[in-house]
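[1] fold the following.
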Amino acid sequence: MSDRFEGLTMEEGRQWTRERADAGVPCPCCTQFVKVYTRPINSGMAHALIQMWKHAGTEWFYLPNITSRWQGRDEACLKYWGLIEELQEKRDDGGRKGWWRVTERGQEFVKRSLRVQKYARIYDNRVLSLTGEMITIVDALGEKFNYQELMDR
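    Numbers count the residues shown, from 1 in each chain. Down below sits the predicted model:
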């Protein structure tokens with residue numbers, strides 16, 4: 001711990017860190033970098049969700065088989081909005097199996113009957129809050145993808 005934090009209680013150190021986490025700071029207690037990331041649902045994620053739903057509906061699927069065609073790897077971030085979920089079963093070596101499914105919320109979002117907040121505030125792979133304007137999947141796709149063309153394929 002740095003001299004400038006000498007004498008701080010653990011709770012004071014936590015509070016100091018929370019007040020600065022949006023910008024990113026080293027923790028005064030353990031020196032680990034602490035940052036809250038604000039992630040939007042982007043066009044690639046919206047496109048991937050449509051492909052997942054068209055491939056498997058709300059059944060389990062092996063994500064690498066569906067997304068290996070795309071450049072981005074943001075698909076798993078859809079979990080922050082509750083649009084997909086991962087099978088919690090682990091492999092024999094303790095790793096994740098890579099099986100996911102589109103949730104009912106995700107299906108509603110694909111079918112344009114649900115709006116979600118545009119941003120997820122993330123810390124340590126956990127959602128702190130959802131913020132921003134309410135958007136549809138068409139909003140998330142932006143001009144990069146045409147919703148109707150994707151649904152018709």
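[2] report the separation between H55 and G13.
    Distance, H55 to G13, by C-beta to C-beta, to the nearest Å: 47 Å. Any C-beta I mention is one placed from the backbone N, CA and C, and that applies to glycine too.
[3] in terms of neighbours, single out the busier of the two.
    Legend: neighbour count by other C-beta atoms under 10 Å for H55 and G13, higher for G13 (16 against 13).
[4] so for I50, what's the pLDDT?
    I50 carries a pLDDT score of 94 in this model.
[5] now swap in R91 and tell me
    As predicted, R91 sits at a pLDDT of 67.
[6] so which bits of the longest helix belonging to the chain are buried?
    Scanning the chain for the longest helix, with DSSP state H as the assignment, gives helix 43-56. Residues of helix 43-56 classed as buried by neighbour count (16 or more other C-beta atoms under 10 Å): 43-53, 56.
[7] R112: what's it in contact with?
    R112 makes contact with 136-138, 147, according to C-beta atoms under 8 Å, 6 or more residues apart in numbering.
[8] try it again with 10 Å
    136-138, 147, 151 (C-beta atoms under 10 Å, 6 or more residues apart in numbering).
[9] compare these and tell me which is most surrounded.
    Compared across those, I137 has the highest neighbour count, 27 neighbours, by other C-beta under 10 Å.
[10] tell me the confidence at that one?
    What the model reports for I137 is a pLDDT of 97.
[11] and what of W70?
    52.
[12] pull the distance from the worst-scoring helix or strand of the chain on mean pLDDT to the chain's centre.
    Within the chain, judged by mean pLDDT, DSSP states H and E, the helix or strand with the poorest mean is helix 63-67; its value is a mean of 78. Relative to its chain's centre, helix 63-67 lies at 17 Å (C-alpha atoms, centre = their mean, to the nearest Å).
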